[in-house]
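Enquirer: give the three-dimensional model of this entry:
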Amino acid sequence: MTPRDEAASASRKEQILDAAAELFALQGFYKTTTALVAKAVGVTQPYVFHFFGTKEELFLAVLDRGYRRLVHAFSAVESPPEELVDRMGCAFKDLLGTHRNEILLLMQAYAIPETAIRQEVKSKFDEIHRMVGSRFAQAGIPHASGEAGMFISIGLLIALSEMLELPKLLPWYEPE
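Expert: Numbers count the residues shown, from 1 in each chain. Reported below is the predicted structural model:
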């Protein structure tokens, strides 16, 4: 395979992931089929299976991409210790603006009862908690592990509020 072919293949794989993220976000895991993803991208279903052997593997790849984006965003935050939590919160909000489907899927995927998906989501949230807790501890934030848990729980609440389009679920919501 030539470098140009490899680049085209990688690009097509990203298109498949983009389409899958959108469809999974709109229709859910069970109603989204690989045939629908293939149609959205303009490829055949076997081509989707070339990259992702099953729908579950495709879903896990979408989650992994969202997870990597989240970890990168949180790791890239540079701030004085007293502003770390707020700036990491802003990084999360920015990701919701730029990669909404992936981030909301990642934040909601724990609700899918498929064993492999639940195990992967549990693993990813454990790693996010460990990373955020480490960042908080390095910043001198007291009770870093508990504060990391609170930070993640607020992210879950934000995701729920976004999915339901109910901003009043957020503690800082002020009706107009």
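Enquirer: what comes up buried for the top helix by length along the chain?
Expert: Counting residues, the longest helix found in the chain (DSSP state H) is helix 3-31. Under the neighbour-count criterion of 16 or more other Cβ atoms under 10 Å, helix 3-31 has 12-13, 16-25, 29 buried. Every C-beta, even on glycine, is put in place using the N, C-alpha and C of the backbone.
Enquirer: also stretch 54-71?
Expert: Applying a neighbour-count criterion of 16+ other Cβ under 10 Å, one finds 55-56, 58-63, 65-67, 69-70 buried in stretch 54-71.
Enquirer: returning to that earlier point: residues making contact with the helix or strand following the longest helix of the chain?
Expert: Counting by DSSP states H and E, the next helix or strand C-terminal to helix 3-31 is helix 34-41. Helix 34-41 has contacts (Cβ atoms under 8 Å, 6 or more residues apart in numbering) with 12, 15-16, 19-20, 22-23, 27, 44-45, 47-49, 52, 55, 58.
Enquirer: show me what the longest helix of the chain packs onto, helices and strands only.
Expert: Packing partners of helix 3-31 (3 or more Cβ pairs under 8 Å, 6 or more residues apart in numbering; DSSP states H and E): helix 34-41, helix 45-51, helix 55-76, helix 100-108.
Enquirer: figure out how far the shortest one is from the centre of its chain.
Expert: Spelled out, that is helix 45-51. Here helix 45-51 is found 23 Å from its chain centre; the criterion is Cα atoms, centre = their mean, to the nearest Å.
Enquirer: outside of it, which residues touch it?
Expert: Helix 45-51 is contacted from outside by 12, 13, 16, 34, 35, 37, 38, 41, 58, using Cβ under 8 Å, 6+ apart.
Enquirer: coming back round to it: closest to residue 154 out of the buried residues of helix 3-31?
Expert: residue 25 (20.8 Å; Cβ to Cβ).
Enquirer: with only the CA atoms kept, save the helix or strand encompassing residue 85 in PDB.
Expert: In this structure, residue 85 sits in helix 84-98 according to DSSP H and E. Provided in PDB are the C-alpha atoms of helix 84-98 (Å, rounded to 0.1, in the frame of the first residue of the first chain):
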ATOM      1  CA  LEU A  84      -7.100  24.100  37.400                       C
ATOM      2  CA  VAL A  85     -10.600  22.800  38.100                       C
ATOM      3  CA  ASP A  86     -12.300  25.700  36.300                       C
ATOM      4  CA  ARG A  87      -9.900  25.500  33.300                       C
ATOM      5  CA  MET A  88     -10.400  21.700  33.000                       C
ATOM      6  CA  GLY A  89     -14.100  22.300  33.200                       C
ATOM      7  CA  CYS A  90     -13.700  24.800  30.300                       C
ATOM      8  CA  ALA A  91     -11.800  22.200  28.300                       C
ATOM      9  CA  PHE A  92     -14.700  19.800  28.800                       C
ATOM     10  CA  LYS A  93     -17.200  22.400  27.700                       C
ATOM     11  CA  ASP A  94     -15.000  23.200  24.600                       C
ATOM     12  CA  LEU A  95     -15.000  19.400  23.700                       C
ATOM     13  CA  LEU A  96     -18.800  19.400  23.900                       C
ATOM     14  CA  GLY A  97     -18.700  22.200  21.400                       C
ATOM     15  CA  THR A  98     -16.300  20.600  19.000                       C
END
